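1. Sequence and predicted model, in that order:
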Amino acid sequence: MTTKREWVLKAFKNEKVDKVPVGFWYHFTTDDERGDGFNSEIFNKNIAGHKKFVSDVNPDFVKIMSDGFFIYPNEQIHQGITSIKELDGIISIGENHPWITRQVELAQQIRQDFPEDIASFYNIFAPVTYLKWHLAGKGNNGDKIIENFIKEDAALTKKVLDVIAGDIGLLTKRLIKEAGVDGIYLSVQNIQDERSTKEEYRQVIKPGELHVLKRAISAGGTNILHICGYEGATNDITYYTDYPADVINWAVDLEGVSLSQGRQLFGGKTVLGGFDNTEKGLLYLGSKEDIQKRVKELLDDTGRYGVVIGADCTVPSDISSERIDWVKEAVSL
């Protein structure tokens with residue numbers, strides 16, 4: 001008998017399956033708590049949130065949220081740095097740093113609560129995202145700082161990002177080998193600065209992202225690539241067409257690229273998405289009839305193989321599980 005995990009992994013590999021998987025997820029902590037995972041209360045809150053989510057939603061697969069560990073804790077990185085030269089000589093935090101070990105423990109404990117064999121993918125941010133959040137805080141002018149660094153010294157900026165990527169790769173390997181997750185959900189994003197170029201991205205930022213994905217593959221993992229359009233960030237998704245990922249997710253309406261167009265762009269790989277993730281979106285506000293109509297439209301466009309119905313990004317944490325049930329019902333109609 002095929003388990004839920006086996007079914008989903010087959011779908012992710014673009015193999016023939018009896019039903020289209022559905023995947024939505026949301027955070028279990030507040031914005032202020034996302035960098036404080038060493039606080040046992042926040043750590044346990046995240047575990048409890050996953051347990052309730054699995055119970056309420058009965059998901060086809062689980063994206064394990066790295067809430068509490070959004071800040072990469074390299075002591076050489078801090079807010080107030082104005083020159084990339086201040087990070088010259090940066091070294092790895094090491095494979096056994098508590099930031100890595102604690103996340104492995106988090107994934108292990110979350111998976112222990114699964115009532116059945118469910119595929120799970122751990123949330124990982126791109127090295128440049130960890131760097132800009134540590135330098136500027138989430139939602140501030142981190143992209144401008146990164147672009148300033150690239151203009152100042154692209155080679156040194158790449159070197160710094162490669163060190164961070166090495167540590168993220170260590171985390172990725174341990175999550176798959178020790179915590180038992182099936183792979184990672186890597187969140188990438190174009191630099192949101194008008195001065196940024198695709199060639200800069202290719203030379204400076206892309207190598208670290210590829211390292212993390214390849215480290216997951218070498219550990220036996222399956223990769224979901226998330227091209228993040230959160231809070232209106234826009235991306236040229238052609239930056240990522242050669243990334244070694246099994247499943248590709250992006251903001252279809254924001255980027256103006258449908259699931260079927262994206263699948264063609266990414267060489268026939270499995271695509272994930274279709275719904276706006278915001279509080280103004282159809283999934284959050286629409287009627288059952290309209291939500292299920294949207295599912296039908298998506299499947300009519302893409303077919304039923306090599307597709308996973310989901311959202312552009314993380315959905316609001318107060319969304320009713322009934323709405324997700326409507327989507328799951330619709331893929332069976």
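-> Everything's here; your move. Numbering: from 1, shown residues only.
2. so who does the residue lying closest to Thr238 once chain neighbours are set aside touch?
-> Residue nearest to Thr238 in three dimensions, not counting chain neighbours: Leu265, with 7.0 Å by Cβ to Cβ, 6 or more residues apart in numbering. (Each C-beta comes from the backbone N, C-alpha and C, glycine too.) For Leu265, the contacting residues are 237-238, 241, 257, by Cβ atoms under 8 Å, 6 or more residues apart in numbering.
3. Please compute how far stretch 62-69 lies from its chain's middle.
-> 9 Å (Cα atoms, centre = their mean, to the nearest Å).
4. what do you get for stretch 46-59?
-> That offset, for stretch 46-59, works out to 18 Å (Cα atoms, centre = their mean).
5. Would you mark the buried spots in stretch 291-311?
-> 291-292, 294-295, 298-299, 302, 306-311 (16 or more other Cβ atoms under 10 Å).
6. I'd like those residues as TSV, with pLDDT, distance to Asp276 and secondary structure appended.
-> Shown next, in TSV, are those (pLDDT from 0 to 100; distance: Cβ to Cβ, whole Å; DSSP: H, G, I helix; E, B strand; the rest coil):
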residue	pLDDT	distance to Asp276	secondary structure
Ile291	98	11	helix
Gln292	98	16	helix
Arg294	98	10	helix
Val295	98	14	helix
Leu298	98	12	helix
Leu299	97	17	helix
Thr302	96	17	helix
Gly306	96	22	coil
Val307	98	17	strand
Val308	98	16	strand
Ile309	98	13	strand
Gly310	98	11	strand
Ala311	98	7	strand
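7. Distance to Phe38 added to the residues you listed, as TSV?
-> Output for those, formatted as TSV (distance: Cβ to Cβ, whole Å):
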residue	distance to Phe38
Ile291	39
Gln292	43
Arg294	41
Val295	41
Leu298	41
Leu299	44
Thr302	42
Gly306	40
Val307	39
Val308	33
Ile309	36
Gly310	31
Ala311	30
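8. ranges for the helices of the stretch 101-250 of the chain?
-> Secondary structure of the stretch 101-250 of the chain, counting by DSSP state H, counting those that start in this stretch: helices at 127-136, 142-152, 154-174, 198-200, 206-218.
9. Now do the first one against helix 206-218, angle only.
-> If I follow you right, that is helix 127-136. Per axes from the mean of the first three to the mean of the last three Cα atoms, to 10 degrees, the angle that helix 127-136 makes with helix 206-218 is 120 degrees.
10. helices and strands around helix 127-136, which ones?
-> Helices and strands touching helix 127-136, as assessed by 3 or more Cβ pairs under 8 Å, 6 or more residues apart in numbering; DSSP states H and E, comprise helix 142-152, helix 154-174, helix 206-218.
11. Need those helices in TSV (columns: distance to Ile319, mean neighbour count and mean pLDDT).
-> Below are those laid out as TSV (distance: least, Cβ to Cβ, whole Å; neighbours: other Cβ atoms under 10 Å; pLDDT from 0 to 100):
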stretch	distance to Ile319	mean neighbour count	mean pLDDT
helix 142-152	28	20	97
helix 154-174	29	21	98
helix 206-218	29	20	98
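12. Now render the ones you listed as CSV, adding distance to Glu41.
-> Putting the helices and strands packed on helix 127-136 into CSV (distance: least, Cβ to Cβ, whole Å) gives the following:
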stretch, distance to Glu41
helix 142-152, 28
helix 154-174, 23
helix 206-218, 30
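13. Leu285 is nearest to which of the ones you listed?
-> Nearest of the helices and strands packed on helix 127-136 to Leu285, taken as Cβ to Cβ: helix 142-152 at 30.0 Å.
14. quick one: the closest one to chain centroid distance?
-> The answer for helix 142-152 is 23 Å, by Cα atoms, centre = their mean.
15. mind listing what Ala154 touches?
-> Per Cβ under 8 Å, 6+ apart, neighbours of Ala154: 200, 203-204.
16. tell me which of those residues is nearest to Lys177?
-> Distances from Lys177 to those, taken by Cβ to Cβ, are shortest for Val204, at 29.3 Å.
17. I'd assumed Asp162 was in contact with the closest one.
-> No: using Cβ atoms under 8 Å, Val204 makes no contact with Asp162, being 9.6 Å away.
18. re the thing from before, how much space between the residue nearest to Thr238 and Trp250?
-> Note on Leu265: its distance to Trp250, by Cβ to Cβ, to the nearest Å, is 10 Å.
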